[in-house]
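[1] Fold the stuff below for me.
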Amino acid sequence: MADEQQNLGSHTGSHEKKDELVSFTLKATTLWKSVSGILLVLLVASVLTGGFSIWGGNAPTGAAIAPTGGQPSGNNFPSAPSGNPVISFDGVYSLGDDNAPVTIVEYSDYQCPFCGRFHDETFGQIKTNYIDTGKVKFYYKHFPLESIHPMAAPAALAVECAGEEGKFWEYHYKLFENQQSLSLLNLQKWAEDVGVDGAKFKTCFNNEKYSSKVQEQLREGANNGVQGTPAFFVNGREISGAQPFSVFEQLIEAELA
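    Numbers count the residues shown, from 1 in each chain. Got it, this is the predicted structure:
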């Protein structure tokens with residue numbers, strides 16, 4: 001998924017312990033300068049309908065084309081487009097058959113509790129019924145809401161670094177399964193837990209190697225009218241929030257018909 005310069009060991013409160021810990025640094029002015037205007041107003045989360053919203057009102061429910069119309073005053077996000085979303089699939093991690101008739105794109109935030117709910121309650125059913133059966137190709141994109149989820153952006157960088165060694169999905173699952181324990185120190189620990197080389201991971205993370213990729217995905221989601229996390233496009237049709245499997249099933253089946 002969500003920076004003054006931080007050190008991974010800075011939360012321990014012990015100088016001796018800090019010397020033993022991996023020192024990750026995040027240069028937020030580098031990572032988020034180009035999107036600071038976009039993220040400036042992400043101060044309030046709307047939690048009533050299963051999604052973290054950036055509008056300050058209720059997150060939309062159900063499966064629908066991205067809504068049109070004017071944006072709320074004071075919000076720097078663009079109005080949702082009236083046509084199909086423009087989505088790049090270059091370098092995006094995915095699951096499923098390349099020839100699947102249905103494509104699902106998720107914009108998500110690793111610290112968002114509703115993204116965690118989707119992972120826990122719905123994703124597995126989509127995977128079993130549609131991804132593993134060759135009917136759906138699933139793509140994951142970053143949309144870290146940094147103002148309310150300070151660990152979302154570091155987690156997004158970390159999972160991309162894990163992906164360098166072929167461990168994107170293993171690390172992705174680890175992040176959501178341990179969402180309540182997100183910390184800079186655990187990002188390194190979990191990378192090693194899933195088999196990523198610790199030294200390579202540290203270098204990749206410290207160099208903010210994938211900051212531009214995360215920024216681009218965040219910007220793309222905003223340009224496509226994403227109003228909160230999680231947000232999905234099922235063959236171009238938007239589903240907002242951590243909706244139950246039945247909502248996805250209805251739209252997927254309609255696309256397969």
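
[2] Any buried residues in stretch 217-235, and which?
    By neighbour count on 16 or more other CB atoms under 10 Å, the buried set for stretch 217-235 is 217-218, 220-235. Where C-beta positions appear, they are placed from N, C-alpha and C, glycine not excepted.

[3] ugh, typo on my part, it should be stretch 132-140
    Within stretch 132-140, judged by 16+ other CB under 10 Å, the buried ones are 135-140.

[4] Need those in JSON lines (columns: pLDDT and distance to V92).
    Conversion of the buried residues of stretch 132-140 to JSON lines gives the following (pLDDT from 0 to 100; distance: CB to CB, whole Å):
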{"residue": "K135", "pLDDT": "98", "distance to V92": "19"}
{"residue": "V136", "pLDDT": "98", "distance to V92": "15"}
{"residue": "K137", "pLDDT": "98", "distance to V92": "11"}
{"residue": "F138", "pLDDT": "98", "distance to V92": "10"}
{"residue": "Y139", "pLDDT": "98", "distance to V92": "5"}
{"residue": "Y140", "pLDDT": "98", "distance to V92": "7"}
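
[5] Let me have those in JSON lines, adding distance to T203 and secondary structure as columns.
    Formatted as JSON lines, the buried residues of stretch 132-140 follow (distance: CB to CB, whole Å; DSSP: H, G, I helix; E, B strand; the rest coil):
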{"residue": "K135", "distance to T203": "39", "secondary structure": "coil"}
{"residue": "V136", "distance to T203": "35", "secondary structure": "strand"}
{"residue": "K137", "distance to T203": "32", "secondary structure": "strand"}
{"residue": "F138", "distance to T203": "30", "secondary structure": "strand"}
{"residue": "Y139", "distance to T203": "27", "secondary structure": "strand"}
{"residue": "Y140", "distance to T203": "24", "secondary structure": "strand"}
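
[6] Among the residues you listed, which one sits closest to E253?
    Nearest to E253 among the buried residues of stretch 132-140: K135, at 9.5 Å, using CB to CB.

[7] correct me, but the closest one touches N99?
    No - contact status for K135 versus N99: not in contact, 10.3 Å apart, counting by CB atoms under 8 Å.

[8] Check the gap between F232 and W190 for me.
    Here F232 is placed at a distance of 25 Å from W190 (CB to CB, to the nearest Å).

[9] swap that for S212, sorry
    S212 is 23 Å from W190, where distance means CB to CB.

[10] Next: Q125.
    Taking CB to CB as the measure, Q125 falls 25 Å from W190.

[11] Settle it for me: which of S212 and W190 has more neighbours?
    In this comparison of S212 against W190, neighbours counted by other CB atoms under 10 Å, the higher total goes to W190 at 24 against 11.

[12] Grab the nearest non-local neighbour of the more buried one.
    Here the nearest residue to W190 in space, its sequence neighbours aside, is K174; by CB to CB, 6 or more residues apart in numbering that works out to 4.8 Å.
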